[in-house]
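[1] Build me a structure from this.
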Amino acid sequence: MIRLVAVDLDDTLINSNLEITAENLAAVDRVRRKGVQVTIATGRMHVSALPFARQLKLPQNEIIISYNGAVLRRFNGELMAHIALQRQIALDVIRYCQVLKWTLNIYHDDRLYVAELDDNVEYYMNMVGVQAHPVGDLYNFVVDQDLQLSKMLIIGSEEQMESNLPVVQAEFGEKAQVTRSKKRYIEITHFDASKGKALARLAASMGLDAQQVMAIGDSGNDLEMIKWAGLGVAVANASADVKEAADFITKSNDESGVAAALNQFI
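    The predicted structure follows:
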């Protein structure tokens, strides 16, 4: 019997207009009334997930998985766990992106820092509803401030990220978790910071095993949690590898696929 549901946000729970449909809201409410815990598992910042947590009317003590699993924080802001990227790896990624002149986002203490506000950063800010803080040289900023980074995100065009992903994986894939979430993003976190590992830790804290957990997602950063969960669900618009790994393929995010899955299995 499913006791916990973890739902990705972008391109899964929210549609192309960045909204939770009425059908999805109603379905989440129904399963929660049956005693099933529903939580968000996202690559987004915690602060960027909060508006959706409010729409879902999650309880204040609900733990939200953010930064692809690097941060577990309650809805009310209480930090439960943080797995920062190793300092030298973070610095190596920054230098690598500087040499190639790639746009890089870095995240510390739920704040977004960038070198400058370019078109890629503007796109990202509009997408997730947060303000970026330009600091100039990111390498010197991290060194001078002695920052521990939750996540790093390379952003560019869809074509660039398609070709850059194997390059970044070859360079850093043995040192860190390198995944592609949205088509314009490549995300880098600590090896132990993944949605799958975070969901396993959350379930264990509740006394649940994998068979009592459903995970719903669409992209590479959802793959591990969909494989781990007893019931892994891919939305119809998911990437091919996520669909292949899933136990069930539901409707697309624009067709309230989360609601369809919840209504069928719970």
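[2] Residue 72 belongs to a helix, doesn't it?
    No: read with DSSP: H, G, I helix; E, B strand; the rest coil, residue 72 is strand and lies in no helix.
[3] mind listing what residue 155 touches?
    The contact partners of residue 155, by CB atoms under 8 Å, 6 or more residues apart in numbering, come to 103, 104, 105, 120, 121, 123, 124, 161, 184, 185, 186. To be clear about C-beta, it is placed using only N, CA and C from the backbone, and glycine gets the same treatment.
[4] how about the nearest residue to it, chain neighbours excluded?
    If you skip the residues right next to it in sequence, residue 155 has residue 120 as its closest partner in space, 4.5 Å away by CB to CB, 6 or more residues apart in numbering.
[5] Where does the one you found sit, in terms of helix or strand?
    When elements are assigned from DSSP states H and E, residue 120 belongs to helix 119-128.
[6] Show me what secondary structure element comes after that helix.
    For helix 119-128, the succeeding helix or strand toward the C-terminus, using DSSP H and E, is strand 132-134.
[7] ok, and what's touching that following strand?
    Looking at what lies outside strand 132-134 - CB under 8 Å, 6+ apart - the contacts are 105, 111, 112, 113, 114, 115, 116, 117, 121, 124, 125.
[8] would you list every one of the strands in the stretch 101-250 of the chain?
    With strands called from DSSP state E, counting those that start in this stretch, the stretch 101-250 of the chain shows them at 103-108, 111-114, 132-134, 151-155, 177-179, 185-189, 213-217, 231-234, 248-249.
[9] Switch those strands over to TSV; also include distance to residue 15 and mean pLDDT.
    Output for the strands of the stretch 101-250 of the chain, formatted as TSV (distance: least, CB to CB, whole Å; pLDDT from 0 to 100):
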stretch	distance to residue 15	mean pLDDT
strand 103-108	24	98
strand 111-114	24	98
strand 132-134	25	98
strand 151-155	22	98
strand 177-179	22	94
strand 185-189	18	96
strand 213-217	14	98
strand 231-234	16	98
strand 248-249	17	98
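[10] For the residue nearest to the spatial centre of the chain, grab phi and psi.
    The centre of the chain sits closest to residue 43, judged by CA atoms, centre = their mean, with a distance of 1.7 Å. Note on residue 43: its backbone torsions stand at phi -80, psi -10 [degrees, to the nearest 10].
[11] My guess is it contacts residue 177. True?
    No: between residue 43 and residue 177 there is no contact, the gap being 10.9 Å when judged by CB atoms under 8 Å.
[12] quick one, what contacts the residue nearest to the centre of the chain?
    Residue 43 makes contacts with 10, 66, 67, 68, 151, 181, 185, 187, 195, 221, as judged by CB under 8 Å, 6+ apart.
[13] For those, could you give me TSV that also reports neighbour count and distance to residue 241?
    Formatted as TSV, the entries for the contacts of residue 43 read as follows, by neighbours: other CB atoms under 10 Å; distance: CB to CB, whole Å:
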residue	neighbour count	distance to residue 241
10	22	17
66	28	23
67	30	22
68	31	16
151	27	21
181	23	13
185	24	16
187	26	16
195	30	15
221	28	12
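[14] Now do stretch 217-229: everything it contacts.
    Surrounding stretch 217-229, the residues in contact under the criterion CB under 8 Å, 6+ apart are 6-8, 10-12, 41, 43, 68, 179-182, 187, 194-200, 210, 213-216, 232-235, 237-239, 241-242, 245-246, 253.
[15] same thing but 7 Å
    Residues from elsewhere that reach stretch 217-229 (CB atoms under 7 Å, 6 or more residues apart in numbering): 6, 8, 11-12, 41, 43, 68, 179-182, 187, 194-196, 199-200, 210, 213-215, 232, 234-235, 237-239, 241-242, 245-246, 253.
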